[in-house]
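Q: only geometry, no sequence info:
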């Protein structure tokens, strides 16, 4: 919560007050503001784009498609995740290991669901998304199992395309133990 507050404070302090605002206030027929904030269509579309990018990234993980994963992630991406045992991981080598050894294209059926995605736009070229990730799969005994993790991903637009530059995952590892 403190991080969220710090980010929001920074956004307000450094916000570009151009005519193109991220949020607009509802006005009634007399032109007075109701005080509630609604998103305009452009903001909604940008938030949906971040959700789609996150879904694409999760699909790359589910399909063990490391090549596609590297196209969506910045080469110097940082991460905190259960597999790293609380350590900050930098770069793609740590993740490649899991694609090559834990995630296989021949693995049993896996289904991933993103619940309650919440996107914060941090300007024209940055955003983050927080959500619950449910992963359904078959364990080593052939039994269905559901894993839950809480994830936050930070996205930055570079050269016209969104890339994941950082993520934090808490809870279950992204796959069951073998």
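A: Sure thing, it's come through. Note that this is a predicted model, so its numbers are computed, not measured.

Q: what sits against residue 77?
A: Shown in contact with residue 77 (CB atoms under 8 Å, 6 or more residues apart in numbering): 90-92, 163-167. Using the backbone N, CA and C atoms, a C-beta is placed for each residue, glycine as well.

Q: hmm, try it at 6 Å
A: Applying CB atoms under 6 Å, 6 or more residues apart in numbering to residue 77 gives the contacts 164-165.

Q: in which helix or strand would I find it?
A: strand 73-80 (DSSP states H and E).

Q: what's the average pLDDT for that strand?
A: Strand 73-80 shows a mean pLDDT of 96.

Q: helix or strand next in line after that strand, which one?
A: strand 89-90.

Q: what residues does the helix or strand that comes right after that following strand touch?
A: Next along the chain after strand 89-90, taking DSSP H and E as the criterion, comes helix 93-101. Here helix 93-101 makes contact (CB under 6 Å, 6+ apart) with 64, 66.

Q: report the rounded mean pLDDT for helix 93-101.
A: Helix 93-101 comes out at a mean pLDDT of 88.

Q: which stretches of this structure form strands?
A: Here the chain has its strands, by DSSP state E, at 23-27, 33-39, 73-80, 89-90, 110-121, 126-138, 144-158, 161-171.

Q: could you give the angle of the third one to strand 144-158?
A: Going by axes from the mean of the first three to the mean of the last three CA atoms, to 10 degrees, strand 73-80 is angled at 120 degrees with respect to strand 144-158.

Q: buried ones in strand 73-80?
A: 73-74, 77, 79-80 (16 or more other CB atoms under 10 Å).

Q: dump the residues you listed into a markdown table; add distance to residue 121 as well.
A: Shown next, in a markdown table, are the buried residues of strand 73-80 (distance: CB to CB, whole Å):
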| residue | distance to residue 121 |
| --- | --- |
| 73 | 20 |
| 74 | 18 |
| 77 | 20 |
| 79 | 22 |
| 80 | 23 |
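
Q: nearest to residue 157, of those?
A: residue 74 (11.0 Å; CB to CB).

Q: centroid residue for this structure?
A: When CA atoms, centre = their mean is applied to the chain, the residue found nearest the centroid is residue 153 (3.3 Å).

Q: for that residue, which non-adjacent residue is spatially closest?
A: residue 167 (4.4 Å; CB to CB, 6 or more residues apart in numbering).

Q: okay, now that neighbour: neighbour count?
A: Counted by other CB atoms under 10 Å, the residues lying close to residue 167 total 21.

Q: would you mind giving me the confidence score for it?
A: 97.

Q: ok, what's across the strand from it?
A: Listed by DSSP bridges, the beta-bridge partners for residue 167 are residue 79, residue 153.
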